[in-house]
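*Asks:* What follows is a protein structure lacking sequence information:
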C-alpha cells in the first residue's frame, strides 16, 4: 500500500499581482497616434480615438454609443451622459472641441442618423463594433508608434485621461466621478496611484 503524500496546493500564478492592468498612454503618445490618424485622413478611427479618450468608458459601453447619445440633431454636445452596463449607474463625460470636430466629420461622411451606432461593424449590418474588433484597432494604434502591444489594450483608452487628470490635479474624487466608480477605493486600485505617489515621494527625498 502506498503512503499518502499530503497535497500542497500551488499558489495561484496571479497572487499578489495586478492582472489585466493595461498601461495608460502618455501625452506625447496620444498626440503621436492622433497625428498619424489625421495625416492618413482616417476619419473613423480619429473620431473613435478622440472620443474613447474623452469618454473614459469601458469598451462594452463605448462600442454601443449611438449618434443620439452624443448629439442633438446635427449638433455634437460638449457633455453627454450614459448608463453604465456594468454598474447600472449614470456617468457623464466631456466631448472636447477636437473630438466634436472629428465626430462631426465622421457623422457627415457616413450620413449617420440619430439612431445609428457611431462605429458600426464592418462585418455585420446594423450592428455595432464588437469589443474584439475594437481591441484590434487599439492594438494597431499602439503598434503604429512602436509600443509593446501586450502592455496596452482597450482599458488603456479608459485610463489615459483619468491618469493624466490625477497626475495634474491629485483630485482623486474628481477622477472617481469621471470613471463612474461607486467607491473611491476602486479608483485607487484602478489607477495604481498609491504605488506611484509613494515612489514620487521617495524620489523627491535626496539623502
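*Replies:* Nice, thanks for sending it over. Bear in mind the structure is a predicted one, so any value in this text is a computation, not a measurement. Numbering: from 1, shown residues only.
*Asks:* The residue nearest the centre of the chain sits in which helix or strand?
*Replies:* For the chain, residue 158 is the residue whose C-alpha lies nearest the centre (C-alpha atoms, centre = their mean; 2.1 Å). Using DSSP states H and E, residue 158 sits in helix 154-169.
*Asks:* again, but for residue 82
*Replies:* Using DSSP H and E, residue 82 falls within strand 79-83.
*Asks:* Compute the mean per-residue pLDDT across that strand, please.
*Replies:* Mean per-residue pLDDT for strand 79-83: 92.
*Asks:* What is that strand packed up against?
*Replies:* Helices and strands touching strand 79-83, by 3 or more C-beta pairs under 8 Å, 6 or more residues apart in numbering; DSSP states H and E, are helix 67-70, strand 90-94. Any C-beta I mention is one placed from the backbone N, CA and C, and that applies to glycine too.
*Asks:* could the ones you listed go into a markdown table alongside mean neighbour count and mean pLDDT?
*Replies:* Output for the helices and strands packed on strand 79-83, formatted as a markdown table (neighbours: other C-beta atoms under 10 Å; pLDDT from 0 to 100):
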| stretch | mean neighbour count | mean pLDDT |
| --- | --- | --- |
| helix 67-70 | 18 | 96 |
| strand 90-94 | 15 | 90 |
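*Asks:* Let me see the ranges of the helices in this structure.
*Replies:* 27-39, 43-55, 59-62, 67-70, 97-110, 131-144, 154-169, 172-179, 184-191, 193-204 (DSSP state H).
*Asks:* quick one, the fifth one and helix 27-39 angle?
*Replies:* Compare the direction of helix 97-110 with that of helix 27-39 by axes from the mean of the first three to the mean of the last three C-alpha atoms, to 10 degrees and you get 30 degrees.
*Asks:* now do the second one
*Replies:* Between the axis of helix 43-55 and that of helix 27-39 there is an angle of 150 degrees, by the same axes, to 10 degrees.
*Asks:* who does helix 43-55 touch, helix- and strand-wise?
*Replies:* Applying 3+ C-beta pairs under 8 Å, 6+ apart, we find helix 43-55 packed against helix 27-39, helix 59-62, strand 90-94, helix 97-110, helix 131-144, helix 154-169.
*Asks:* Now with 7 Å, please.
*Replies:* Contacts defined by 3 or more C-beta pairs under 7 Å, 6 or more residues apart in numbering; DSSP states H and E place helix 43-55 against helix 27-39, strand 90-94, helix 97-110, helix 131-144, helix 154-169.
*Asks:* same question, the longest one
*Replies:* Using 3+ C-beta pairs under 7 Å, 6+ apart, the elements in contact with helix 154-169 are helix 43-55, helix 131-144, helix 172-179, helix 184-191.
*Asks:* If we use 8 Å, what do you get?
*Replies:* Identification of packing neighbours for helix 154-169 by 3+ C-beta pairs under 8 Å, 6+ apart yields helix 43-55, helix 59-62, helix 131-144, helix 172-179, helix 184-191.
*Asks:* Might you report the residue contacts of the spatially closest residue to residue 71 that is not a sequence neighbour?
*Replies:* Of all residues not flanking residue 71 in the chain, residue 77 sits nearest, at 6.3 Å (C-beta to C-beta, 6 or more residues apart in numbering). If you count contacts by C-beta atoms under 8 Å, 6 or more residues apart in numbering, residue 77 has them with 70, 71, 95.
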